[in-house]
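In: Mind looking at a prediction? Sequence and model below.
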Amino acid sequence: MASPIVARITLPERARRGEVVTIRVLVRHPMERAIDAPGLTPLPRKILHSMRVTYAGAEVFRAELSQGITANPYIEFTTLAVETGDLVFEWEEDGGATYRREARLVVT
Amino acid sequence: MIRRAAAALLLLAGVAAAADIRPSRDFLSPELRAQQDDPSRHPGWLWVEEGEALWARGARSCQSCHGGIESMAGVAARYPAVATDGALLNLEGRIERCRTEQQGEAPFGYESEPLLSLTAAIAQRSRGMPMSVATDGAAAPFLERGRAFYETRQGQLNLACGQCHDDNAGRRLRGDVISNGLGTGYPAYRLEWNTLGSLHRRLRACSLGVRATQLSLGSPEYLALELYLAARAQGLPVEAPGLRR
Amino acid sequence: MTTATRRAVLLLPVAASAAMAQEGDMAAAERAILAGRTPREAGIAFDMPRLSENGNSVDVAVRVDSPMTAADHVRAIHILSEKNPVPRVASFFLTPRAGRAEVATRIRLATSQQIIVLAETSAGEVHRAAREVIVVLGACVEGG
């Protein structure tokens, strides 16, 4: 069961069918790098390693992320407005936790 | 009364030449300034949203007394301020008092995530409004202490705040551009921190920078300095939540 | 002030040298994506500041020229780093439903280095763009 996560998803409230809309996503996550250095307590990597976006029945965007992505990651992408519906954002975290948020796009 | 007014005038004259002091945003790179202005690209807004949720949470929520958080418009521009019992409170201190005295809850703790979030959400409601702290009356002795702290050479480098933030503002120090050292953008998201943090956290880095003793978050010295910085910023816009490098 | 913090204060900030990638890791990561194909140095608009203000967060924006139709679209955009501990920073997978082949993100940079963008099309072609970025250090940071 996916948990909610603090995220800001910015997209236009409505768009015309066929219009390309820009989606901006900010997620609250420290994106912790693995620590393996002398004198420091070793820690495994704990990042959101993927973000998958589905909309109107299909995956429209997927990102595979490394620890080279900033804390509180920012991702911007585009999608064609095809029908009124929810964009579903799913993140996977190292260790297996998953998070989910939705954002509605009204298409006229 | 006349004496008090005269003293206030003197103080005002003493709070640097306001015309020389520029908003912190003027010292940001164009890229960072654009992102500070754009909530869709500003990670600080993640804390603003959490703070807005906290505002309304619980039976004795902030909202149950104050109404919607929009009622906080202008408040951050007037802080730090002296409370009825004579204590100087910044916005964080004011929230903690509400929390313990009105809501009957344990304090969040300085630099805790909920306190940062609430402070950011409340301060954001004053974004763009001119700073207008009280500097006379009960505030005057605090302002004087803050000014003394600002003007005193400190640390192994033997530097006063103004030697960087007045004499060298606009010039580069390694990769940084030195600003006029205002607190108007705090709490701010610093790229260096990878998170949102308070003005006092930033002041501790200043103290370390001149190799002086780092004072504790919420210490009387930093509170008085915060008031003096706010007085220097009088009339300049609140930028919180700021975005800093 | 304790001895430990005094020492920390006097140390100069250093890049994460212990974890720094070896030269060639990026080349290996690039070869893995190319899988024998020869990339074309064209068709990519790659935006990144020449001088990064803070290696914790560097804005990267990529736009690939593509009609983004079922027959001809960009399937993947990869960002590779020369000197980060992990050479493949991110991969983005697109479909014709993207409308445009455009992504932006923020990356961490261990130090000044070269960043490469590879874009794979549905026809199996690869576009490539490379940029150098200088990471400058701040003055009054918490580590002193």
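Out: It's in.

In: give me every residue that touches the most centrally placed residue in chain A.
Out: The centroid of chain A falls nearest to A:M51 when counting by CA atoms, centre = their mean (4.2 Å). Neighbouring residues of A:M51 by CB atoms under 8 Å, 6 or more residues apart in numbering or on different chains: A:25, A:27, A:61-63, A:65, A:75, A:89-91. For glycine as for every other residue, the C-beta is placed from the backbone atoms N, C-alpha and C.

In: So which of those is the closest to B:S117?
Out: Minimum distance to B:S117 across the contacts of A:M51 is 15.7 Å, recorded for A:V27 (CB to CB).

In: B:G74 - how many residues pack around it?
Out: By other CB atoms under 10 Å in any protein chain shown, the residues close to B:G74 number 13.

In: I figured it hits B:S126, correct?
Out: Yes: contact criterion CB atoms under 8 Å: B:G74 and B:S126 qualify, at 5.5 Å.

In: Please, where are all the helices along the chain?
Out: All of this is about chain A. Taking DSSP state H, chain A contains no helices at all.

In: that's the wrong chain, I wanted chain C
Out: Ranges of helices within chain C are C:3-10, C:25-34, based on DSSP H.

In: hey, least reliable of the ones you listed by pLDDT?
Out: Least confident of the helices of chain C, judged by mean pLDDT, is helix C:3-10 with a mean of 38.

In: Next to chain C, which bits of chain B? Give me the list.
Out: Counting by CB under 8 Å from any CB of the partner chain, chain B comes close to chain C at B:29, B:31-32, B:173-176, B:191-194, B:204-206, B:208-209, B:211, B:213, B:245.

In: mind running it again at 10 Å?
Out: Residues of chain B found near chain C (CB under 10 Å from any CB of the partner chain) are B:28-29, B:31-32, B:35, B:41, B:43, B:156, B:164, B:172-178, B:189-194, B:197, B:201-202, B:204-214, B:243-245.

In: B:G93: which element?
Out: If you go by DSSP states H and E, B:G93 is part of helix B:91-97.

In: Send me that helix as CSV with only the CA atoms.
Out: Extracted C-alpha coordinates of helix B:91-97, given in CSV (Å, rounded to 0.1, in the frame of the first residue of the first chain):
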residue,chain,number,x,y,z
LEU,B,91,8.3,34.7,15.2
GLU,B,92,9.5,31.3,16.3
GLY,B,93,9.3,32.4,20.0
ARG,B,94,5.8,33.8,19.5
ILE,B,95,4.7,30.4,18.0
GLU,B,96,6.3,28.5,20.9
ARG,B,97,4.5,30.7,23.4
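
In: residue ranges with poor pLDDT in the chain?
Out: Because you didn't say which chain, this covers chain A. Residue ranges of chain A with pLDDT under 70: A:1.

In: try chain B instead
Out: Chain B contains residues with pLDDT under 70 at B:1-19.

In: Give me the residue at the spatial middle of it.
Out: Note: chain B centre (CA atoms, centre = their mean) maps to B:G183, 4.0 Å.

In: Quick check: that residue is in a helix.
Out: No: judged by DSSP: H, G, I helix; E, B strand; the rest coil, B:G183 forms no part of a helix; its state is coil.

In: Let me see the contact set for it.
Out: By CB atoms under 10 Å, 6 or more residues apart in numbering or on different chains, the residues touching B:G183 are B:24, B:79-80, B:90, B:131, B:198-200, B:202-203, B:222, B:225-230, B:232-233, B:238-240, B:242.

In: Mark which of those are part of helices, please.
Out: B:199-200, B:202-203, B:222, B:225-230, B:232.

In: nearest to chain A, of the residues you listed?
Out: Nearest to chain A among those is B:R202, at 18.0 Å by CB to the nearest CB.

In: Can you name the residues that contact that closest one?
Out: By CB under 10 Å, 6+ apart, the contact set of B:R202 is B:181, B:183, B:185-188, B:190, B:192-193, B:222, B:242, B:244, C:140, C:142.

In: now the strands: where do they sit in chain A?
Out: A:7-10, A:14-15, A:20-27, A:48-55, A:58-65, A:74-80, A:85-93, A:98-107 (DSSP state E).

In: okay, C:V14: pLDDT?
Out: Looking at C:V14, its pLDDT reads 40.

In: Grab the nearest non-local neighbour of B:R211.
Out: Spatial nearest neighbour of B:R211, chain neighbours left out: B:Q156 (3.6 Å); criterion: CB to CB, 6 or more residues apart in numbering or on different chains.

In: count of residues packed around the closest residue to chain B within chain C?
Out: Using CB to the nearest CB, the point where chain C gets nearest to chain B is C:V136, with a distance of 3.3 Å. By other CB under 10 Å, 15 other residues sit near C:V136.

In: Then A:R104?
Out: Here the number of neighbours of A:R104 (other CB under 10 Å) works out to 11.

In: my read: B:L173 touches C:V141, true?
Out: No: with contact defined as CB atoms under 10 Å, B:L173 does not count as touching C:V141 (11.2 Å).

In: Which one's more surrounded, those two?
Out: Each of B:L173 and C:V141 has its neighbours counted (other CB under 10 Å); C:V141 has more, 19 against 13.

In: Tell me the secondary structure at the closest residue to the more buried one other than its chain neighbours.
Out: Closest residue to C:V141 apart from its sequence neighbours, by CB to CB, 6+ apart: B:E192 at 5.5 Å. Three-state assignment for B:E192 (three-state DSSP): coil.

In: now do the one 4 residues further on
Out: Here B:L196 is strand, with the state taken from three-state DSSP.

In: That one and B:P114, how far apart?
Out: As judged by CB to CB, to the nearest Å, B:L196 and B:P114 stand 12 Å apart.

In: Need the overlap of contacts for the two.
Out: Residues touching both B:L196 and B:P114 (CB under 10 Å, 6+ apart): B:47, B:50-51.

In: Run through those residues and flag the ones next to chain A.
Out: Contacts with chain A within the shared contacts of B:L196 and B:P114, as defined by CB under 10 Å from any CB: B:47, B:50.

In: Now tabulate the shared contacts of B:L196 and B:P114 in TSV and tack on neighbour count and secondary structure.
Out: What follows is the shared contacts of B:L196 and B:P114, written out as TSV (neighbours: other CB atoms under 10 Å in any protein chain shown; DSSP: H, G, I helix; E, B strand; the rest coil):
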residue	neighbour count	secondary structure
B:W47	26	helix
B:E50	20	helix
B:G51	27	helix
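
In: out of the shared contacts of B:L196 and B:P114, which one sits closest to chain C?
Out: For the shared contacts of B:L196 and B:P114, the minimum distance to chain C (CB to the nearest CB) is 16.1 Å, reached by B:W47.

In: Who are the contact partners of that closest one?
Out: By CB under 10 Å, 6+ apart, the contact set of B:W47 is A:6, A:28, A:72, B:113-114, B:116-121, B:124, B:187, B:189, B:195-196, B:241.

In: try B:Y228
Out: Taking CB under 10 Å, 6+ apart, one finds B:15-16, B:80, B:133, B:135, B:142-151, B:161, B:183 in contact with B:Y228.

In: Just flag the most distant two among the ones in helices among the contacts of B:G183.
Out: Across these, no pair lies farther apart than B:H200 and B:R232, at 16.8 Å, counting by CB to CB.
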